[in-house]
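Trainee: Below: sequence and its predicted model.
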Amino acid sequence: MLQVLLTGLATGAIYGLVAMGYAVVYYVTRVINFATGQLLMASIMVTTVLSMHGTPVALALAAGVATSTLGGVVVYFLAVRPVLRFNRLSFAWLVSTLGVGIILESLAAVIWGTSSLPFPNLLNGRDVSILGAALTWQQILTIGIALFTVVGFEIFRKRTLFGKIGMAISSDPDIASAIGANVTSYAVVAFALGGLLVGVAGILVGPLSFANPYLGESFGISGFVALMIGGIEQPAASMGGGLILGVLTILANTYINAQASDWFPFVVVMVVLLVTPNGVFMSGGAIKGIWRRFQTSRVEAKS
Amino acid sequence: MTDAVLQIETLSAGYGRFDVIHDISMSVANGEAVALLGPNGAGKTTVLRSIMGLIRHRRGAIRIAGTDVTKMPAHRVAKGHAALVPEGRRLFLNQTVEDNLRLGAMRHRRNPQKVQELLDSVFELFPVVERHRHRPSSALSGGEQQMVAIGRMMMNDPTLMLLDEPSLGLAPLAIDDMTRALVKLRQQGRSILLVEQRVDLALKVCDRIYVLSDGRIIDEKRTGELGDDGRALIDAYLG
Ligand SMILES: Nc1ncnc2c1ncn2[C@@H]1O[C@H](COP(=O)(O)OP(=O)(O)OP(=O)(O)O)[C@@H](O)[C@H]1O
Ligand SMILES: [Mg+2]
């Protein structure tokens, strides 16, 4: 059981980083970047190809992450800024970000071919035993980085002026700009940060996933499901959604069958959306509301 | 008019394809408090938003203390040219009162001493705000939130202060407090453009008024020419 939990957390940490990649962008811009999965793919592909050509692994990893970070900025200027400039309330970014994702995928397939390439090994696959459960260093590192990321993000958001301005933009972009916030540069930073997060997720999951132009899609969807489970309003909550999704996926694989991870997450997200449409980490007020309704219905049932 | 702090010439602006203000010209002199009065939907908020750079205008020119701000985006107008108390307060409700105030002083972020001075001046004008400084701004009453909104605007230390219906939704007592605070700001020599529906408040605070109707300025008067309660004015335009 502990084995399932820990393996699930390691898997979920990846989903969580991708979900946070979506959430950070959404937090600042109210846009969902549907090329997020492909940015993860870009980080994996660039790292793989560079190291195949003899680049030192550390440098290849840095280049992979840098690619997805810059990629995020490119998505903003190519697919988001033009449509929002034309009409601030338009939903055209739905199509345009999706389009950039498809273009990235096709481009990668044309340049590097469609067969899977081996990702460079960073940490040797030796197992570590934690209370009887076996984890690889890779998995421990993944969980560690994910937790560090959420905690770091929250401290940054709540304790620094930059973070507080970000919060202000998130709650009222017009008024934030009227007090002097350059909303565009915050949007650029958000897209870069989103790219950075999925880039890190990419190099963490690369040794398991191998490198393939089409893997962006499945990670993009898993990350999006995690986002829906955790709730889209708070980046930290989306990480929680990822961890929950990871554990549930591994549970399904272990106790149903090996294919269960294909459909099980969707059942989970349907249930979550039906029960708590704003994600499982919705505000205390909403929970209190449900509790109160529950109480009154019990009182009514008694009388 | 070389000492004009605000100078608007034949300004037209609106939303989408439609103009809602037409060929507006007006001015605010240095140290002067001017009210912009008019019925609902006249375009008062639109005038303030275009001064602030929050909507694109079609035509005309806006200068603040000689600087042409016509094409400036809001975050540049906020570099000391003008600061706005928006209609409906619009505090950052998930942040504390003090955070809201400090955010208003964003342009002074490299000068902590200045920020502290400004904070002290806000607390001097609104002692209640200091008592609530560490509370979430969503926990304050409407009147208290309005004080924070004015405080946030003061923290910018702007050349021109823009206020959009600060009395909206306040209880009579809170309106009296608000009026006194605005009078004090005026006495400090601030240049103010105040949008109001409460004519009595506007007359107490301002030196001059413009009347806006259907997006056009239809009258301009010194407050001395009007009675204390502005009855004639209300009857004529706002009834
Ligand atoms: N965001 C918007 N999009 C489209 N039309 C708008 C928008 N905001 C205001 N309008 C229209 O512009 C006109 C002027 O609105 P404005 O808010 O400037 O009036 P106002 O004088 O401030 O009114 P009030 O006293 O009710 O605040 C109105 O007819 C309104 O319907
Ligand atoms: Mg208005």
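Mentor: Sure, I can see it. Ligands and ions are numbered 1, 2, ... in the order given.
Trainee: which residue sits closest to A:A181, ignoring its sequence neighbours?
Mentor: Spatially, and ignoring its direct neighbours in sequence, A:A181 is nearest to A:I165 (5.0 Å; Cβ to Cβ, 6 or more residues apart in numbering or on different chains). From N, CA and C alone the C-beta is placed, and that goes for glycine too.
Trainee: Locate that neighbour within the secondary structure: which element?
Mentor: Using DSSP states H and E, A:I165 falls within helix A:161-171.
Trainee: wait, what's in contact with the one residue in the stretch 101-250 of chain A that gets nearest to ligand 1?
Mentor: Each residue of the stretch 101-250 of chain A has a distance to ligand 1, by Cβ to the nearest ligand atom, and the smallest belongs to A:D174, at 10.2 Å. With contacts defined as Cβ atoms under 8 Å, 6 or more residues apart in numbering or on different chains, the neighbours of A:D174 are B:54, B:74.
Trainee: repeat that with 7 Å
Mentor: The neighbours of A:D174, taking Cβ atoms under 7 Å, 6 or more residues apart in numbering or on different chains as the test, are B:L54.
Trainee: which secondary structure element contains it?
Mentor: helix A:173-178.
Trainee: Below-threshold pLDDT in chain B: ranges please.
Mentor: Scanning chain B for pLDDT under 70 picks out the ranges B:1-2, B:227-232, B:235-239.
Trainee: how about a cut-off of 90?
Mentor: B:1-3, B:15-18, B:56-59, B:169-174, B:177, B:197-200, B:219-239 (pLDDT under 90).
Trainee: same deal with the stretch 151-300 of chain A?
Mentor: A:206-211, A:231-234, A:252-300.
Trainee: helices or strands next to the helix holding A:I165 in the packing?
Mentor: Where contact means 3 or more Cβ pairs under 7 Å, 6 or more residues apart in numbering or on different chains; DSSP states H and E, helix A:161-171 is packed against helix A:2-29, helix A:137-159, helix A:173-178, helix A:183-209, helix B:97-104.
Trainee: Give the buried residues for it.
Mentor: The neighbour-count criterion (16 or more other Cβ atoms under 10 Å in any protein chain shown) identifies A:164-171 as the buried residues of helix A:161-171.
Trainee: what angle sits between that helix and helix A:137-159?
Mentor: Put simply, helix A:161-171 runs at 80 degrees to helix A:137-159, going by axes from the mean of the first three to the mean of the last three Cα atoms, to 10 degrees.
Trainee: Now tell me what touches helix A:161-171 from outside.
Mentor: The contact list for helix A:161-171, computed with Cβ under 7 Å, 6+ apart, reads A:27-28, A:156-157, A:176, A:181, A:183, A:186, B:92-95, B:99, B:103, B:106, B:109.
Trainee: buried subset of those?
Mentor: Here, 16+ other Cβ under 10 Å leaves A:27-28, A:157, A:176, A:181, A:183, A:186, B:92, B:95, B:99, B:103, B:106 buried among the contacts of helix A:161-171.
Trainee: Make JSON lines out of the residues you listed and add distance to ligand 1.
Mentor: What follows is the buried ones among the contacts of helix A:161-171, written out as JSON lines (distance: Cβ to the nearest ligand atom, whole Å):
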{"residue": "A:Y27", "distance to ligand 1": "24"}
{"residue": "A:V28", "distance to ligand 1": "22"}
{"residue": "A:R157", "distance to ligand 1": "29"}
{"residue": "A:A176", "distance to ligand 1": "17"}
{"residue": "A:A181", "distance to ligand 1": "20"}
{"residue": "A:V183", "distance to ligand 1": "17"}
{"residue": "A:Y186", "distance to ligand 1": "22"}
{"residue": "B:F92", "distance to ligand 1": "21"}
{"residue": "B:Q95", "distance to ligand 1": "25"}
{"residue": "B:D99", "distance to ligand 1": "27"}
{"residue": "B:L103", "distance to ligand 1": "24"}
{"residue": "B:M106", "distance to ligand 1": "25"}
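Trainee: Cool, thanks, talk later.
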